[in-house]
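> can you look at this prediction? I've put the sequence above it.
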Amino acid sequence: GENVEQHPSTLSVQEGDSAVIKCTYSDSASNYFPWYKQELGKGPQLIIDIRSNVGEKKDQRIAVTLNKTAKHFSLHITETQPEDSAVYFCAAWGGTGGTSYGKLTFGQGTILTVHP
Amino acid sequence: IAGITQAPTSQILAAGRRMTLRCTQDMRHNAMYWYRQDLGLGLRLIHYSNTAGTTGKGEVPDGYSVSRANTDDFPLTLASAVPSQTSVYFCASSGDSDSPLHFGNGTRLTVT
């Protein structure tokens, strides 16, 4: 089955700096890669996603890049703000593991802290 | 506000007891899922349901069962709780096979 590795596990930046979180996946058939943000006491919320037919997607201060050849994708947050502090999860979907519904495999998570 | 409602928000349970975690969605999504979240392990799929009347096993199904009698409800049952089932449990739903997942706010379960 799919295996997703996420790095780093913790990331600390100063307000205004950029933050980058990287994920690798194992199943070359995966074709959908969402990123989730989880705030304390809440469920994960989708912040951006990318499909395998594009290499980069941007939404204001966040962007995701995908390299299908190398099987890795990254989340980029520019001009970080204290409210960006949260746990971020990457995920990969659409591999070869049977029924495709809900076959999202998550990374282990990155705790991002933005210091004012 | 449309979304997913989970209950209870937290629970302390004695080992060996039976427990049902409730999940209701009002978005008329076809697919629903149960994940558990453990530190350092991310989110792992327990069971899922593609549509009402069908269920399937995820990555860590042992010790858990689910049912999907209608579109809106997807309860998760622990028949005989064990301490290793101490975790935060999230219910999620999606409209189509490759649509984003919408998560509830979780149930924090402690088995003593």
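Looks like it came in fine.

> so for residue 69, what's the pLDDT?
Just going to use chain A. A:Thr69 carries a pLDDT value of 93.

> sorry, should have said chain B
pLDDT, B:Ala69: 97.

> so it: helix, strand or coil?
coil (DSSP: H, G, I helix; E, B strand; the rest coil).

> distance check, the closest residue to it other than its chain neighbours against B:Asp72.
By the measure of CB to CB, 6 or more residues apart in numbering or on different chains, the closest residue to B:Ala69 outside its immediate chain neighbours is B:Ala52, 7.1 Å from it. No exception for glycine: its C-beta is placed from N, CA and C like everyone else's. Distance of B:Ala52 to B:Asp72, given as CB to CB, to the nearest Å: 9 Å.

> of those two, which one has the most company?
Shown here are B:Ala52 and B:Asp72; by other CB atoms under 10 Å in any protein chain shown, B:Asp72 has more neighbours (18 against 15).

> quick one: neighbours of the residue of chain B found nearest chain A, just the number.
For chain B, the residue closest to chain A is B:Phe103, as judged by CB to the nearest CB, at 3.2 Å. Look at B:Phe103: counted by other CB under 10 Å, it has 24 neighbours.

> mind listing what it touches?
A:Tyr36, A:Gly43, A:Pro44, A:Gln45, B:Ile4, B:Phe90, B:Cys91, B:Ala92 (CB atoms under 8 Å, 6 or more residues apart in numbering or on different chains).

> go on, B:Thr55?
With CB under 8 Å, 6+ apart, B:Thr55 has these contacts: B:His47, B:Tyr48, B:Ser49, B:Val66, B:Ser67, B:Arg68.

> what subset of the residues you listed is buried?
B:His47, B:Tyr48, B:Ser49, B:Val66, B:Arg68 (16 or more other CB atoms under 10 Å in any protein chain shown).

> what does residue 85 show for phi and psi?
In the absence of a named chain, chain A is used. Here is the backbone geometry of A:Ser85 (degrees, to the nearest 10): phi -60, psi 120.

> my question was about chain B
phi -90, psi 0.

> equivalent analysis for B:Ser84, please.
Taking degrees, to the nearest 10 as the convention, B:Ser84 sits at phi -70, psi -10.

> ok, how many other residues are close to it?
11.

> neighbours of the one residue in chain A that gets nearest to chain B, just the number please.
Residue nearest to chain B within chain A: A:Gly43 (3.2 Å; CB to the nearest CB). For A:Gly43, the tally of surrounding residues (other CB under 10 Å) stands at 23.

> one more: the one 4 residues further on?
Burial of A:Ile47, expressed as a neighbour count using other CB under 10 Å, amounts to 18.
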